[in-house]
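> The following block contains a protein sequence and its predicted model.
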Amino acid sequence: MKEVVPLVKAEDSTIFGSKAVGLGQAMRDGLPVPPGVALSGSIVEAVAGGDERTIKKVAKSVRPLGGPLAVRSSAVDEDGAQASFAGQHLTLLNVPSSGELTSALSEIWWSANSDSAITYRQRVGLFTRPSVGVVVQVLVDPDTAGVMFTQNPITGADEQVIEASWGLGEAVVAGRVIPDHYRVDRSGEVLERTPGRKSIAFRTLSEGGTVEEEIPPQLVERLCLDDDQLGELTRLADRCEHVYGRARDIEWAIAGGTLYLLQCRAVTRAGP
Amino acid sequence: MTGVPVEALQRVPLFADLNKHEIKRIAGLFKERRFSEGETVIQQGSGGAAFFVIDSGEATVFVDGKEQRVLKPGDYFGELALIDEGTRTATVTASSELVCSGVTFWDFRPLVEENGVIGWKLLQSMVKIYRAAQQE
């Protein structure tokens, strides 16, 4: 049984976690996912435990991706309809190369075995030993990024809700900005365009990691998506629903004019 | 090599009476974890996931916001919540760059159950805590 596979071959969520398998399925269906490698929970634990043979094996598999890398947790029982581990398990952006991957994997393993993660598991009734796989991907350095819901998560209305900001999507996911807010109905009509207050952006550093940068005043309240980009995003939403089913929570990024799908999971709470 | 170096655990009084074979076996269960200065290692009131031994650096223990003591290399912490599956009884904060060896809940219990010597030392430590609490 292979435990280190190209992301497009990740098919077993009991081994690689649902994030890896979801992204692998997206790739198999032709969705624009950055290239990557999926690591099983056992592999991540072995790396965290300092197993040198496994560390070398992982480094060899990841080296063709080059650098910098985005390293995302993919917990084996993550993001079911009843439980969302959003925010509990780590994503590490801009890991400079495969040489720095070991410490990144160790951090991710510990994030799944942290007091807060265990407390959350107990609260949602998960008493099993955590297993966290990892997705290692080429890092996309975006001009604009954010999240998109294929069904309004507050009202349950059949419309796409998009939130966007400058730079890496972490500014939106971590609640560090008030993002632009868009609603688009199924016909493609834009129902709402509300500019946010996007005073900062996260950008990648050449030596690894990210930095918080102030946004020039003229861009803080300027809409960061035009109608063409909204159209691309809504077509991506339709394709994701076709692949995964309804009510999806999507993370996306636009870099150099290309739209990428970073994550797609079930909405764990939709409608009133 | 898997786990943490045997030498890191040999310095720990809790494991002092184990032979080399036993220490090597339990070293394989531990994983290194690093904390930056000022980082919270465990938080009072939260659920407990791991038991830690300090390899290098120092950490400060706080109960209800009041400093209690400083932990140094060879000291351990975090066992209480793992034993009764309750909440953390103190906050531990790294007071320098801190390197620990940690073992999670799922490995800690079998570790103690299979090594009566470790269990006995933990009991002794807890009796001391109990007596100190009685005298307050």
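Nice, thanks for sending it over. In this text the structure is predicted, and so the values were computed from the model without any measurement.
> Give the buried residues for stretch A:198-211.
Neighbour counts over stretch A:198-211 (16 or more other C-beta atoms under 10 Å in any protein chain shown) mark A:198-202, A:204, A:208, A:210 as buried. The C-beta positions use only the backbone N, C-alpha and C, and glycine is treated the same way.
> and which of those is nearest B:Phe15?
A:Gly208 (36.4 Å; C-beta to C-beta).
> ok so that closest one is a strand residue?
No. Per DSSP: H, G, I helix; E, B strand; the rest coil, A:Gly208 lies outside any strand segment and is coil.
> thinking again about what came up before, tabulate the buried residues of stretch A:198-211 (CSV), appending pLDDT and secondary structure.
Formatted as CSV, the buried residues of stretch A:198-211 follow (pLDDT from 0 to 100; DSSP: H, G, I helix; E, B strand; the rest coil):
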residue, pLDDT, secondary structure
A:Lys198, 96, coil
A:Ser199, 95, coil
A:Ile200, 95, strand
A:Ala201, 96, strand
A:Phe202, 93, strand
A:Thr204, 86, strand
A:Gly208, 80, coil
A:Thr210, 87, strand
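> Now find how far off-centre the longest helix anywhere in chain A is within its chain.
For chain A, the helix that runs over the most residues, judged by DSSP state H, is helix A:227-244. Computed by C-alpha atoms, centre = their mean, to the nearest Å, the chain-centroid distance of helix A:227-244 equals 16 Å.
> Please apply the same query to stretch B:44-58.
6 Å.
> average pLDDT for stretch B:13-31?
Confidence for stretch B:13-31, expressed as mean pLDDT, is 84.
> what about it and chain A, any contact?
Yes. Using C-beta under 8 Å from any C-beta of the partner chain, stretch B:13-31 reaches chain A at B:28, B:31.
> List the buried residues in that stretch.
By neighbour count on 16+ other C-beta under 10 Å, the buried set for stretch B:13-31 is B:14-15, B:18, B:23, B:26-31.
> So which of the residues you listed is the closest to A:Leu233?
Set against A:Leu233, the nearest of the buried residues of stretch B:13-31 by C-beta to C-beta is B:Lys31 (40.6 Å).
> hang on, isn't the closest one packed against A:Trp109?
Yes. B:Lys31 lies in contact with A:Trp109 (C-beta atoms under 8 Å); the separation is 7.2 Å.
> hang on, the earlier thing: can you tell me which of the buried residues of stretch B:13-31 are in helices?
Short answer: these in helices (DSSP H) are B:23, B:26-27.
> just those residues now: which is nearest chain A?
Closest approach between these and chain A, by C-beta to the nearest C-beta: B:Ala27, at 10.1 Å.
> Any buried residues in the one helix or strand A:Val135 maps to, and which?
If you go by DSSP states H and E, A:Val135 is part of strand A:132-138. Buried residues in strand A:132-138, defined by neighbour count with 16+ other C-beta under 10 Å: A:132-137.
> Lovely, talk soon.
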